[in-house]
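>>> Provided below for reference: sequence and predicted model.
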Amino acid sequence: MDRSVLLRAVDEAFAETGADTPPWPDPHADREPADEEYSRCLDPAKYRVLAARAEAWTRALCGLGLAREERIPRAAGALWRGEPAVSVDEAVRLWPLGSAGAVPLLFGFGAIDGVPRTVLTVGAGEPAVPAALVPDCGCDACDDGSAGILEVLDEAVLAVVTGEFVHVDAGRGRTITALHDGWSAADWERPLPGVGGALEQARAGTSPYDVVVGRAWETV
């Protein structure tokens, strides 16, 4: 499935799902954050734009015949391979329909300051590993507008749906996560193999580590 086709369908759905969650500009475009902004979030509800975007992805993927939806009111720990960085209160899992070897997509919703559906963990696989956490910090100082966090969300989902997502776990917190055109790693040091080689092994099915990698989603 072409990325532009997917994003166009998502944007069309988002015009409806995001009607009550307006975007906002970078409040620090021309200034440094004030000291007091590091310990507060005056308007956590604005981050519900992430849940609205996730709902747009859900409608688009189901509407295109790529997935079926499973809503999980109380997200059990069995949904995840490890405890998510932020507590998840509810989840939506999307099961790919038309491609053997494709992995499911998971949206896990949490709260900032008790306001529900303001933190989103994007997961891949069953049980899921994290593909993205948005926002990665909810304080006002780290707020650089809604465009950036929506892009992070979109790129994580696209990586899963197009089959570009790779997650390698060597244990003891040593992981690599690769999306469309980049990767991030945690505690990945020698004597472990280089990141490039580890990703090649994962894609080839020859990795000695725990791996999540899937094929592109296709219509039935």
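Structure's in. What do you need?

>>> where in the protein is pLDDT low?
Where the chain drops to pLDDT under 70, the residues are 75-77, 220.

>>> Next, count neighbours for the closest residue to residue 209 other than its chain neighbours.
Nearest residue to residue 209, sequence neighbours excluded (C-beta to C-beta, 6 or more residues apart in numbering): residue 170, at 4.7 Å. Every C-beta, even on glycine, is put in place using the N, C-alpha and C of the backbone. Neighbourhood size, residue 170 [other C-beta atoms under 10 Å]: 17.

>>> Likewise for residue 70?
12.

>>> Look up how far residue 161 lies from it.
From residue 70 over to residue 161 the distance is 16 Å, taken as C-beta to C-beta, to the nearest Å.

>>> Outside of stretch 39-57 itself, which residues are in contact with it?
Residues outside stretch 39-57 that contact it (C-beta atoms under 8 Å, 6 or more residues apart in numbering) are 10-11, 13-14, 16-18, 20-24, 92, 94, 107, 109, 111-113, 115, 117-120, 134-135, 138-140, 146, 149-150, 153-154, 157.

>>> got it, and stretch 188-205?
Counting by C-beta under 8 Å, 6+ apart, 166, 168, 170, 174-176, 178, 183, 185, 207-209, 211, 213 sit against stretch 188-205.

>>> Any quick PyMOL command for the buried ones out of those?
To isolate the buried subset of the contacts of stretch 188-205 in PyMOL, counting by 16 or more other C-beta atoms under 10 Å, use the following:
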select buried, resi 166+168+170+175+176+178+185+207+209+211+213
